[in-house]
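**Student:** sequence-free structure coming up:
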């Protein structure tokens, strides 16, 4: 998986506010910043599917529940729809805490 820098140069604290969706606490709203572009072909197809279903910059998102045992999969609310994502899948979505609008 490749990594990208999401914080603008000189943006104090912006990197600290950025996290992958799989690390977002339950029931905390966040805003999608970016979806990583992985090197592995199967992961590129996964990322394409994530963007097609709405994981795009600016969208409000939150984790509403986790599976048991092991906290996998994640129940993720995006708009008015809830998706089940594996932690591996959610790790490709980078978010910032808080959302200007949610639903």
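**Tutor:** Right, received. Where do you want to start? As the structure is a prediction and not an experimental result, all values here were calculated from the model.
**Student:** mean confidence score for the longest helix belonging to the chain?
**Tutor:** Ranked by residue count, the top helix of the chain under DSSP state H comes out as helix 41-52. Regarding helix 41-52, the rounded mean pLDDT is 89.
**Student:** run through who's touching the helix or strand just after it.
**Tutor:** Next in sequence after helix 41-52, counting helices and strands by DSSP states H and E, comes strand 60-66. For strand 60-66, contacts defined as C-beta atoms under 8 Å, 6 or more residues apart in numbering pick out 21, 24-32, 55, 72-79, 82, 93, 95, 99-103. Heads up, the C-betas are built off the backbone N, CA and C, glycines and all.
**Student:** all helices of this protein, in order?
**Tutor:** Under DSSP H, the chain gives helices at 14-17, 41-52, 87-90.
**Student:** buried deepest among those helices, which one?
**Tutor:** helix 87-90 (a mean of 18; mean count of other C-beta atoms under 10 Å).
**Student:** what packs against that one?
**Tutor:** On a contact count with 3 or more C-beta pairs under 8 Å, 6 or more residues apart in numbering; DSSP states H and E, helix 87-90 meets strand 74-78.
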